[in-house]
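[1] got a predicted model here, sequence first, then my questions.
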Amino acid sequence: MLAAVLTGFLLSIFLVFAGKYFKGKLAVLSALVPLGLFLYFLSFINRVSSGEIITQSVEWVPALGLNLDFTLDGLSLLFTLLITGIGFLVFAYTAAYLKGHEYLDRFYGYLGMFMGAMLGLVLSDNLLSMFLFWELTSISSFFLIGFNNSSEASRKSAVLALAVTGSGGFLLLAGALLLGNVAGTYSISEMVALGDMIAQSESYILIVVLLFGAAFTKSAQFPFHFWLPGAMKAPTPVSTYLHSATMVKAGIYLLLRFTPVLGSTEFWNTTLIIVGGITMFYAAVHTLFRTDLKGVLAYSTISVLGLLVFLIGLGTQYALVAAGVYIVVHALYKATLFLITGIIDHETGTRDVTALSGLRKVMMPVAIAGLLAAISSAGIPPTVGFLGKELVYEATLGMADWAVVLTVLAIATNILVLYAGFVAGIKPFTGKLPEKFEKVHMPSYLMWLPPVILAVLGLLIGIYPAVIEAPLIKPLVDSVGLEGQAVHLKLWHGFNFVLGLSALTLAGGFLLYFLWKPSEKKENAISKLDFIAPKSLLLGFSAGFRSFSSMWTNFLQNGLLRNYVTTIVLFLVVLVGYSLFSGENAFHINTESLSEMTFYEVVIMGVMFMAVAFVVVARSRLGAVVGMGIVGYAICLLFVIYSAPDLAMTQFSIDTLTVILFVLVLSGLPKYIAKSNLITRIRDAGVSIGLGVLVSLIALAVINEPVNKEVSDFYAENAYILAKGKNVVNVILVDFRGTDTLMEIAVLTIAALGVYSLLKLRLDKDENIEKEN
């Protein structure tokens, strides 16, 4: 399985070097990769349907619990087949849709990377590796959504999608670390047996909230749904692949995968029912006010994702069976409708549903595919959509006290989804063909054949539901902790109450479709409420946060070196002082050493104090530099007294060089220092005294600490033996720590070049100004 996951990434790497050969007729050969992977995973159907769980483990960073553990069970098998099967059709479709595009090879590279990331995500049994693949899907989708990078709208949509889904990734990481800490393992299969213990832990609610945040952002649940309609700026193959069968289903997969671990609690079920219910109805209502075919499909996708979350929240066997079937239903008809929308846009140059009609006369196979997809989305027999819709109603009717409310909500949502499916799949092909579209022709078979295949599959699976019952749905139900063998899918259950609800849904949907006509006026009317939409609120918060950040930055990073130094020193004094001299482990100051000072030390200290006082009151810059030099030389004398001549010579050289450099730099500045106001002098004095007192206290405290001379003894004993040098300090700097010294010299050199460049730039600018004058 690891090889299958890596195949997509290897395709991307291969196209970096051989991409120029895949921009023409050979482009369609890229589709052989997902086709091969589809056949590979298809070969496991018999083993998985018989109850076998196939595993593979590759150690990566075992010390951190991070391994490449993969599991292929009913749930992951369903998703791998959708990822690779629909991926194959999308790869083939792209060869014609983006024919001749300058960056077609780059697009295939992004698709390959995304496919590999999705396969890794759904196959991972290690929670940390799942997080890595989760983030890779966000990154690769960023490149796909922003593929048309010359368009500002595409770039903004890509950034917004990355911001929302990437934030969910951080939540997933936090939840994974917390869950791994509680369970004592990052293996998801091992967590299943620990479900009761995890549910009783104090961190359970926080873990669930974090995982919900990840799932809701990825699967576009309210109020994080707004990134998905914006992502429709991407090319149609991206919309088809990411937003019907793969990326947006990643959150659904996460919820299903952790249902046996974290599910079956009131908090889990209630939250999912509420969020899913709000999302599915809210998004379905939005389809009434969209005139762009992609906009209609985007909001109907969000609605179905909400329905899936809603079903997972119900948590019963009927509900999870309905969720499994509906994943297949939605993938088939929504991928079909997206591909058809791409064909319409490619051939007519518009996606405006108010301007489209009669296209059946020039694109009959596409019209047939649209009709089959529309009736599947509506749940009309004998399509698989009818089977999914009946399972939804059976699930809601089994919820005791809330059965009526939940069923009414499901019926209302399905009516609106029917309307959206008819608008996208039927309306563009009915009615009179406008004169401007009379020359429209059928596209390449690579474009119209994939939607036809998907639409026909939706019909065949509806007629023969056994095709997915034993191989896919029963193993899926087993993998989420329920009894899959009790599942039986049938197209016809006789005349019953559920059939009556289906008929009511169809009647309401047909009535709505014929009475409600989408228009730009209605779309503009609903847009007046955008100011209270989640997207507007988030962007408003973002603007406010940016404004606050600018204010804070301007306050702290105002270009004044004095303020920078003051801030750093104050922070250092407060933080270090508090950490060193408070609490049980505080340093103790040894004042006995003060009484042991010799006459020479007292004289040298007196000279240092006078020099410091002179620097503080000096008006001349040169005088201040001289005073600082005296302080340095006094320290050199202290080193001599304490029998450290090597260190004294080094200090002497450094101080001499520093004074010379200061004099050279100050030669270009005014001779005298401008007098500061009283408040500034008091502030500077306070900061300086605070730092000085802190350093002095640390020095006194260190005297009281035990001294380990092992390192210094090593250098003293080996300086001459190993480095042939008698100056221990020089040997340390040049030999023992030669690499550090070299890096420090490099840093100083780079800084000097930077300063020189800035000065040179300023001088050139001044010369140009003088010439202009």
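    Everything's here; your move. Residues are numbered from 1 along each chain as shown.

[2] shaky segments in this structure?
    Within the chain, the segments meeting pLDDT under 70 span 581-596, 762-773.

[3] per-domain residue ranges of it.
    Residue ranges for the domains of the chain, per automatic domain parsing: 295-518, 520-557, 598-674, 719-773.

[4] export those domains to a markdown table and tack on distance to Tyr21 and mean neighbour count?
    Yep, even glycine has a C-beta here, placed from its N, CA and C like the rest. Formatted as a markdown table, these follow (distance: least, CB to CB, whole Å; neighbours: other CB atoms under 10 Å):
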| stretch | distance to Tyr21 | mean neighbour count |
| --- | --- | --- |
| domain 295-518 | 18 | 21 |
| domain 520-557 | 42 | 11 |
| domain 598-674 | 60 | 15 |
| domain 719-773 | 43 | 12 |
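
[5] in JSON lines, list those domains along with distance to Leu580.
    As requested, the domains of the chain are arranged in JSON lines below (distance: least, CB to CB, whole Å):
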{"stretch": "domain 295-518", "distance to Leu580": "52"}
{"stretch": "domain 520-557", "distance to Leu580": "25"}
{"stretch": "domain 598-674", "distance to Leu580": "23"}
{"stretch": "domain 719-773", "distance to Leu580": "26"}
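
[6] who wins for proximity to Ala4 among the ones you listed?
    Between Ala4 and these, the shortest gap by CB to CB is with domain 295-518, which sits at 18.2 Å.

[7] gap between that closest one and the chain center?
    30 Å (CA atoms, centre = their mean, to the nearest Å).

[8] got the contact list for the nearest residue to Leu194 once chain neighbours are set aside?
    Ranked by CB to CB, 6 or more residues apart in numbering and with sequence neighbours excluded, the top spatial neighbour of Leu194 is Ala183, at 5.1 Å. Ala183 makes contact with Glu190, Met191, Leu194, Met197, Ile198, according to CB atoms under 8 Å, 6 or more residues apart in numbering.

[9] which phi and psi does Val58 have?
    With angles defined as degrees, to the nearest 10, Val58 sits at phi -130, psi 120.

[10] quick one: end-to-end length of stretch 344-363, please.
    9 Å (CA to CA, to the nearest Å).

[11] likewise for stretch 241-252?
    Stretch 241-252: ends 16 Å apart by CA to CA.

[12] most neighbours, which of the contacts of Ala183?
    Neighbour counts for these, by other CB atoms under 10 Å, peak at Met191, which reaches 24 neighbours.

[13] what is the helix or strand where it lies packed up against?
    Following DSSP states H and E, one finds Met191 within helix 188-192. Judged by 3 or more CB pairs under 8 Å, 6 or more residues apart in numbering; DSSP states H and E, helix 188-192 is in contact with helix 152-183, helix 259-262.

[14] and the contacts of whichever helix or strand comes after it?
    Where DSSP H and E defines the elements, the next helix or strand beyond helix 188-192 is helix 195-199. Helix 195-199 is contacted from outside by Leu179, Val182, Ala183, Met191, Tyr204, Ile207, Pro260, Val261, Leu262, Ser264, Thr265, using CB under 8 Å, 6+ apart.
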